[in-house]
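S.K.: I need the structure of the sequence given here:
(4 chains)
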There are 2 protein chains.
Amino acid sequence: MRGLSVCDVTGNRKTASTAVTIGDIARVAGVSRSTVSRAFSRPELLNPETVRRVKAAADQLGYVVNHAARALSTGRFGNVAVVVPDIANPFFPPLVRRVQTLADAAGYAVFLGDSDEIADREANLTSRLSAQVEGFVLASPRLDEQRIRELDAARPVVLVNRDIEGLARVLIDPSGGLDEAVAHLHRLGHTRVVYLSGPRESWSDQQRRAALDRAAERAGLEVIVQELGRPSSAGGRDAVGGILTSGATAVIAFDDVVAQGVMAGLALRGIDVPRDMSVIGCDDTLAAGTHPALTTISAASAAAGDAAAELLLGILAIGERSDARVSIATHLVVRATTEAAHPIDG
Amino acid sequence: MRGLSVCDVTGNRKTASTAVTIGDIARVAGVSRSTVSRAFSRPELLNPETVRRVKAAADQLGYVVNHAARALSTGRFGNVAVVVPDIANPFFPPLVRRVQTLADAAGYAVFLGDSDEIADREANLTSRLSAQVEGFVLASPRLDEQRIRELDAARPVVLVNRDIEGLARVLIDPSGGLDEAVAHLHRLGHTRVVYLSGPRESWSDQQRRAALDRAAERAGLEVIVQELGRPSSAGGRDAVGGILTSGATAVIAFDDVVAQGVMAGLALRGIDVPRDMSVIGCDDTLAAGTHPALTTISAASAAAGDAAAELLLGILAIGERSDARVSIATHLVVRATTEAAHPIDG
DNA sequence: CAGAGTAATGCAACCGCTTGCAAAGTCAAG
DNA sequence: CTTGACTTTGCAAGCGGTTGCATTACTCTG
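M.R.: Below is the predicted model of the structure:
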């Protein structure tokens, strides 16, 4: 009687000190282990009455399948992984949440990996996980293209904010929002803006830089790029010195968190936003919560999560890779941190 | 030669279309599978030279252990799970991040479960996961005590913000912060405050309510509790009507997100914060990012994550349950949403 | 009523890895 | 030389499932 620790047949308080296996169910239902297995995976092969009896025994004992064991023989793990560079960055939680919800509905459990913005940690996570998941959602991956392709060769990968030919990906296209942002600043009389960049490995950052350059050139705006590495509030705060010496009258930050840091740094120096400096963020993750309310470029991360999850689940359902390229448009959301240009030294 | 898809012995480009197994390594290294296994798990039993040869073969082939298979024979999965009611609630990401980081450092991968504030979904997640993890961190669980105890019987559980005798738990104690908040409001002349409560199943909410009642009684403040269910910005916004009819001059919200919603709702009605209404949040998750900057009660969620991870990893390392009860103190952080009382109708 | 077809179930091998036990080899002591 | 102890390695069973194939018992034809 090992393994089953149900108190008695009438009660249903199961302590499950040792997990219930199909063997236990087989014994109780008076059938073979194969039959129990089939009752769950291919019930149409069995006598309906047998299926009923097996299932009854199963939930009497409180059985729940051991996915790890199942995976060993089927290769199907019932798990997916979502890997992000920093779960504490507000862009990612809504995305992760949608992936988790949709995956759960499709019967998958989800691993979360946080690479801390470090490519090698991302590599470790993915290789460690690839033996227990059926697929990956890599959000803003920091890995180089070759390693991502290698990973995809082993398990299907869906990228978010990274554009690699042949792989499934969902891309938030910043150009719409940046065009609007540049036009907005131009209209307000700004002529020189600094762009506070994100991590070098970030596809999003490259896109934003390029889109901004194009838009700025069209509008005759001068863009000064200031490198920032890890996108954080502190990073934004520390970048303020450079911004001020640049002589720019507006700053576009890699994301809202950085923008908020910039505003904090400006406030510390007694510089008024938006009177003395206009600030625009990206991602719209802080909603109207900043002070003053941040003008920003929307980026529906929840929608990106939905798209990524659907892509991955589709691939797993069909059993073959996809090279779909889903693009999500962005827009400028004007709030209170932008105003007519007013050079500090003027 | 199935399974190994290395291009040649000199190059190291591994395509791993099928995973490399210990059998492959055994063949290459000219030893048995047992020896390969031991080279990784108990190298001290082997001739150092053999270990070297095996490891060389292993990384030539790009081997990575299959944790699922290992788990099947050892019962050790190398996975833990962290379950939260809503990863998009800013209280949780820092916590999850710390758990993930510490777990990773200890060699564990982490599953993320999001129960969407629903007890039954939490139950599904935990039972689904219990066959592939060695332990759980349940953050602000919505499950009833019995189900949590049952889960703990199967796999060690560490609770965050839930106090169950005999289980390991880390508790953020709101009383310090609330005492200070009440004293602060009292000093400012407020006599009637509404408390916007969180989910009924939330231990944190019960604690906050009780601590607030105690503090208010001592100070002679009247507290009106307004029920709110799911803690969200929208919920806070919609609660504004009730708050206004209560005649209170200050509101303490279940968390910062709710507080932000309240402020948005008040702004919509043209009610000035803090002149006409003081607002205090909880958790300090929005930092100084709100407008005006929110007076709130700190709750270091990252610290809670550290403590929870250490507790769980300790339990797994030692192999026996703990009933440690870690308490984390809170403080009031005064910013700009509280001011002297000024009744609206006065 | 023999023979074929079908439905329901069991047997046994296998997935990748671990581990108790036994075998083989080495070496020093008796 | 034996013998015993120890080191190093292999054999084979088992973890909890799945699945191809064989088996059994019916049912249906002709």
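
S.K.: State which one residue of the stretch 101-250 of chain A is found closest to DNA strand D.
M.R.: The shortest separation between the stretch 101-250 of chain A and DNA strand D is 12.2 Å, found at residue A:107 (distances taken as CB to the nearest atom of the strand). (Each C-beta comes from the backbone N, C-alpha and C, glycine too.)

S.K.: Now do the contacts for that residue.
M.R.: Counting by CB atoms under 8 Å, 6 or more residues apart in numbering or on different chains, residue A:107 touches residue A:78.

S.K.: Please tell me how far it sits from residue A:65.
M.R.: The gap separating residue A:107 from residue A:65 is 11 Å, by CB to CB, to the nearest Å.

S.K.: and what of residue A:143?
M.R.: Separation of residue A:143 from residue A:65 (CB to CB) stands at 33 Å.

S.K.: now swap in residue A:58 and tell me
M.R.: Shown here: residue A:58 relative to residue A:65, a distance of 9 Å by CB to CB.

S.K.: who has more neighbours, these two?
M.R.: With other CB atoms under 10 Å in any protein chain shown as the criterion, residue A:58 and residue A:65 differ in neighbour count, and residue A:58 comes out ahead with 21 against 18.

S.K.: check contacts around the more buried one.
M.R.: Taking CB under 8 Å, 6+ apart, we find residue A:58 in contact with A:20, A:25, A:36, A:39-40.

S.K.: Can I get these in a markdown table including pLDDT, neighbour count and secondary structure?
M.R.: Converted to a markdown table, the contacts of residue A:58 look like this (pLDDT from 0 to 100; neighbours: other CB atoms under 10 Å in any protein chain shown; DSSP: H, G, I helix; E, B strand; the rest coil):
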| residue | pLDDT | neighbour count | secondary structure |
| --- | --- | --- | --- |
| A:20 | 90 | 23 | coil |
| A:25 | 94 | 27 | helix |
| A:36 | 95 | 27 | helix |
| A:39 | 94 | 25 | helix |
| A:40 | 93 | 16 | helix |
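
S.K.: Tell me the one among those residues nearest to residue A:96.
M.R.: Minimum distance to residue A:96 across the contacts of residue A:58 is 29.7 Å, recorded for residue A:40 (CB to CB).

S.K.: isn't that closest one right next to residue A:63, touching?
M.R.: No: under the criterion of CB atoms under 8 Å, residue A:40 is not in contact with residue A:63, lying 9.2 Å apart.

S.K.: Which residue is the nearest non-sequential neighbour of residue A:122?
M.R.: Spatially, and ignoring its direct neighbours in sequence, residue A:122 is nearest to residue A:115 (3.7 Å; CB to CB, 6 or more residues apart in numbering or on different chains).

S.K.: Residues of chain A that sit close to DNA strand D?
M.R.: Contact residues (CB under 7 Å from any atom of the strand) of chain A with DNA strand D: A:3, A:18-23, A:33-34, A:37-38, A:40-42, A:63, A:65-66, A:69-70, A:72-74.

S.K.: Out of those residues, just show me the ones up against chain B, please.
M.R.: Applying CB under 8 Å from any CB of the partner chain to the residues of chain A next to DNA strand D, one finds that A:19, A:65-66, A:69, A:72 fall near chain B.

S.K.: of the residues you listed, closest to residue A:49?
M.R.: Among those, residue A:65 lies closest to residue A:49 (CB to CB), at 21.9 Å.

S.K.: element containing the closest one, please.
M.R.: Using DSSP states H and E, residue A:65 sits within no helix or strand.

S.K.: same question, residue A:149
M.R.: Take DSSP H and E as the rule and residue A:149 turns out to sit in helix A:145-154.

S.K.: So which residues make contact with the helix or strand just after that helix?
M.R.: Counting by DSSP H and E, the element after helix A:145-154 in chain order, helix or strand, is strand A:157-160. Applying CB under 8 Å, 6+ apart, the contact partners of strand A:157-160 are A:95, A:135-141, A:148, A:151, A:167-172, A:304-305, A:308, A:311-312, A:315.

S.K.: Now strand A:157-160: buried residues?
M.R.: Neighbour-count burial for strand A:157-160, with 16 or more other CB atoms under 10 Å in any protein chain shown as criterion, is recorded at A:157-160.
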